[in-house]
Structures are given as C-alpha cells and as structure tokens.
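# quick one, structure for this:
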Amino acid sequence: MQHIVKGGTAFSALQVNLQKGEWIKAEKNAMMAMSGDLTLSARMDGGFLRGLARKFSGESFFFQEIRAEKGPGWVMLAPVSPGAVTAVELDGKTELTAEKGAFLAATEHVNVSSTVQHLGKAIFGGEGFVVVKIGGRGTVFFGGFGAIEMITLTPEQDIVVDNTHLVAWEDSVTYNLAKGGTSWMSAVLGGEAITARLKGPGRVWVQTRTVGAFKAWLGVLPYQLKSATK
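Predicted coordinates for the structure are as follows:
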C-alpha cells in the first residue's frame, strides 16, 4: 500500500494505492474518487458501542471501507476542512489522542475509538467531553485546518499550546491546563485565557489555523467587502 498527499497544504487530498486484497477505512463522505475495480461499503468498526462512542466524539458512526477485491486500484480521500493531510505510523505500542474531526483514514489494523476527558479539560480544553483515541499497528491519516506541524519533545521538555491549535499527541505526552499569561488578566486580554501545557517525551501535532478564529474573521468580512466597494 502506498499513499501520496496531493493539492499542497491549503487544500490537500490523500491518494492511496491499494494492491489486490488490501483495504482502507475512511471517515464518512471522505471518498472523492476511486478506480472502478475498488468496492466501497459501510463498516461499523469495533462494534455498536465503539461506533456510538465515536459518534459522541464528533466522528462518524460508520466508516467507509474501500477494498481492492478484484485487483489493484486507487482511491482519493478529502478531509472536511481546508488544510493539510499528514500520515502517522503506529508501532502497536503507542496510542494517540486526537481532536474531534481530525481523523481521515487508517489502514486495517489501526483501531479508532473514543474516551471521555477529565471534566476540567473538557470544559476548558476546547476539545469537548469526548476525544478520539487511536492505536494499533499501521498508518493513520489526519486532516488539519491549515498546515500541520509536528513537534518532538524530549523527556521533561514542555511547551504551551493554544488548545484550538492542537491536532493530536502521543500517550507518552502529559497534558495539563494552564493560564495563557503571567496573570489571569493578561491571559484574558491577550486572547489566551486557557492553554495546554504538554510535557515530553513524545510527539505533538498542531495546526496553523483554527475554525473559531476563521469564523470570527468571516464575521467582519461582509463589512470589509462593503467598505471596499464604496
């Protein structure tokens, strides 16, 4: 199985080339095109309860299952939001936590489920009560809003990240909340009231844009356009 990310970082699409007998699972509505020899069906991965948990985390109850039964073929997958697609290799030992909506696709031996966050993280973390948990052995593909950057943390190294920019992090990384400034007043006035402090070792993936900030920008866009036409 081979994969190619096309379209640059602004409007990425993922092409997966399957050999006969191989298959891949993808988020609902992810398939944009595929060769005629491939088959597509709905798959409840992990049973009813796991599917229900994914639904509460913002993912789909059913996956798309794309198989190369008759012979080799290709499929192109597109994330919902405009931005980059990145591939992460899992060794069967490391588990990832991802924000809702980040999962795009995975190879057959990757497990996608969800878990309930600690109450404080759910309220202030920006990721909701339920987050996506990804484990197993194989390749998982994420979509981000904007470009996706990976940060590798050494043991005891820590970073502060705006929660709305978080995409995923390894389970070896500890995750706690912190105020985003030297005082609560400066944190609020600076627009970073609550941030995440992540400590290594492990990898963290962040996105360069956020949906909330983009929506806020769209809110002033009509006025800007109106002014520009005067």
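# make it CA atoms for all contacts and neighbour counts henceforth
Noted.
# and the longest strand for this protein?
Longest among the strand segments of the chain by residue count, using DSSP state E, is strand 130-143.
# same for that strand, what does it pack against?
Strand 130-143 is packed against strand 85-91, strand 96-98, strand 103-107, strand 110-116, with contacts defined by 3 or more C-alpha pairs under 8 Å, 6 or more residues apart in numbering; DSSP states H and E.
# tell me the mean pLDDT over it?
For strand 130-143, the mean pLDDT works out to 92.
# adjacent strands (with direction) for that strand?
Applying DSSP bridges, strand 130-143 is found paired with strand 85-91 (antiparallel), strand 96-98 (antiparallel), strand 103-107 (antiparallel), strand 110-116 (antiparallel).
# please identify the buried residues of the first one?
Neighbour-count burial for strand 85-91, with 16 or more other C-alpha atoms under 10 Å as criterion, is recorded at 85-87, 90.
# between those, which is nearest residue 214?
Nearest to residue 214 among those is residue 85, at 18.8 Å by C-alpha to C-alpha.
# isn't the closest one right up against residue 12?
Yes: with contact defined as C-alpha atoms under 8 Å, residue 85 reaches residue 12; the gap is 5.9 Å.
# can you list the strands that the helix or strand containing residue 5 pairs with?
If you go by DSSP states H and E, residue 5 is part of strand 2-6. Strand 2-6 pairs in its sheet with strand 13-18 (antiparallel), by DSSP bridges.
# then the strand it pairs with to CSV, C-alphas only?
Extracted C-alpha coordinates of strand 13-18, given in CSV (Å, rounded to 0.1, in the frame of the first residue of the first chain):
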residue,chain,number,x,y,z
ALA,A,13,-6.2,15.3,-0.8
LEU,A,14,-4.9,11.8,0.0
GLN,A,15,-4.4,9.2,-2.7
VAL,A,16,-4.0,5.6,-1.5
ASN,A,17,-2.8,3.0,-4.0
LEU,A,18,-4.1,-0.5,-3.0
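# same for the helix or strand that comes right after it, what does it pack against?
Downstream of strand 13-18, the first helix or strand assigned by DSSP H and E is strand 23-26. Contacts defined by 3+ C-alpha pairs under 8 Å, 6+ apart place strand 23-26 against strand 63-67, strand 103-107.
# ok, residue 87 to residue 215 distance?
Counting by C-alpha to C-alpha, to the nearest Å, the separation of residue 87 from residue 215 is 27 Å.
# re the thing from before, how about residues contacting the strand holding residue 5?
Applying C-alpha atoms under 8 Å, 6 or more residues apart in numbering, the external contacts of strand 2-6 come out as 12-18, 85-86.
# quick check on residue 171: phi, psi?
When read as degrees, to the nearest 10, the backbone of residue 171 gives phi -70, psi -10.
# for it, give me its contacts.
Per C-alpha under 8 Å, 6+ apart, neighbours of residue 171: 94-97, 202.
# kindly reformat these as TSV containing pLDDT.
Converted to TSV, the contacts of residue 171 look like this (pLDDT from 0 to 100):
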residue	pLDDT
94	91
95	95
96	95
97	91
202	97
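# nearest to residue 81 among the residues you listed?
Nearest member of the contacts of residue 171 to residue 81, counting by C-alpha to C-alpha, is residue 97, at 19.2 Å.
# I am finished for the moment; much appreciated.
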